[in-house]
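In: Here is my input, please return the structure:
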Amino acid sequence: MRYLYDAKLWDKLESIVEFLIMVALAITALIKFNSNTLEAVFYVTLAAIIAPFCEIEKRTKRYLLLGGFFFGIFAGYFN
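Out: Okay, the predicted model is just below:
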């Protein structure tokens, strides 16, 4: 149970999850590009924010993503 307190492990897991979400958002943007370009740009923007290699600190990144997802719900992108 000592591994639960390892901060490096949690950082690695967070980076892996960020990468997987970024790939999923990029694939979604490619699928949506033919039908709705503005929605595809929204997904690409979220993917750029969550990318593990961007220089935004994690706390700011979380707030930007939260705001982006609320905007997506308000705009009707998540049906």
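In: Looking at the chain, which helix is longest?
Out: In the chain, taking DSSP state H as the definition, the longest helix is helix 7-32.
In: Give me the buried positions along it.
Out: 18, 21-22, 25-26, 28-29, 32 (16 or more other C-beta atoms under 10 Å). Every residue, glycine included, has its C-beta placed from N, CA and C.
In: Can you list the helices and strands that that helix packs against?
Out: Helix 7-32 makes packing contacts with helix 37-50 when contacts are defined by 3 or more C-beta pairs under 8 Å, 6 or more residues apart in numbering; DSSP states H and E.
In: May I have the phi/psi pair for the residue nearest to residue 49 when sequence neighbours are not counted?
Out: Among residues not flanking residue 49 along the chain, residue 64 sits closest, at 5.1 Å (C-beta to C-beta, 6 or more residues apart in numbering). The phi and psi values for residue 64, taken as degrees, to the nearest 10, are phi -60, psi -40.
In: Spit out the contact partners of residue 29.
Out: 40-41, 43-44, 47 (C-beta atoms under 8 Å, 6 or more residues apart in numbering).
In: What pLDDT is listed against the residue nearest to residue 77 when sequence neighbours are not counted?
Out: The shortest distance from residue 77 to any non-neighbouring residue, by C-beta to C-beta, 6+ apart, is to residue 39 (5.4 Å). What the model reports for residue 39 is a pLDDT of 87.
In: measure residue 47 to residue 37 for me?
Out: Shown here: residue 47 relative to residue 37, a distance of 15 Å by C-beta to C-beta, to the nearest Å.
In: okay, those two: which has more neighbours?
Out: Using other C-beta atoms under 10 Å, the more surrounded residue of residue 47 and residue 37 is residue 47, with 19 against 11.
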